[in-house]
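1. structure for the following, please:
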Amino acid sequence: MSSIPINSLRKVIGQSIIIRLKDNVKYKGILESFDQHMNCHLSNAIEIIDNEEVSNYGNIFVRGNNILLVQLYVDEL
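-> Numbers count the residues shown, from 1 in each chain. Next up is the predicted model:
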C-alpha cells in the first residue's frame, strides 16, 4: 500500500471496507467515494458495535475527522 492514505483509498473504491471511528464504532460497507479530508461515502453500510451488527443503513457519509482506521474487508470462507 502507498504511504499516503488518500492514494491507498483510491485503490479500494468499489470494494468492501471497514471504518473504525474514534469512539470504537465500526462501519462495514462498499467505498463509493471520498474527498481530500477523507470524508467517505459508503453504500450497503452496516454499523458494528462490540463486534455485533446493530443497524443496516444503506448509504452513509462518514466524516474524515472521526476516522481512526480504514481497512479492506476480507470475508473469510
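
2. what is the least confident helix or strand in this structure?
-> The helix or strand of the chain with the poorest confidence is helix 5-11; it has a mean of 86 (mean pLDDT, DSSP states H and E).

3. what's the offset of that helix from the middle of its chain?
-> Offset of helix 5-11 from its chain centre (C-alpha atoms, centre = their mean, to the nearest Å): 12 Å.

4. same question for stretch 22-37.
-> Mean-position distance between stretch 22-37 and its chain equals 3 Å (C-alpha atoms, centre = their mean).

5. can you dump the C-alpha atoms of the least confident helix or strand of the chain in PDB for me?
-> Provided in PDB are the C-alpha atoms of helix 5-11 (Å, rounded to 0.1, in the frame of the first residue of the first chain):
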ATOM      1  CA  PRO A   5      -3.700   7.400   2.900                       C
ATOM      2  CA  ILE A   6      -5.600   9.100   0.000                       C
ATOM      3  CA  ASN A   7      -3.700   7.100  -2.600                       C
ATOM      4  CA  SER A   8      -4.500   3.900  -0.600                       C
ATOM      5  CA  LEU A   9      -8.200   4.800  -0.500                       C
ATOM      6  CA  ARG A  10      -8.200   5.500  -4.200                       C
ATOM      7  CA  LYS A  11      -7.200   1.800  -4.900                       C
END
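
6. helix or strand next in line after that helix, which one?
-> Next in sequence after helix 5-11, counting helices and strands by DSSP states H and E, comes strand 16-21.
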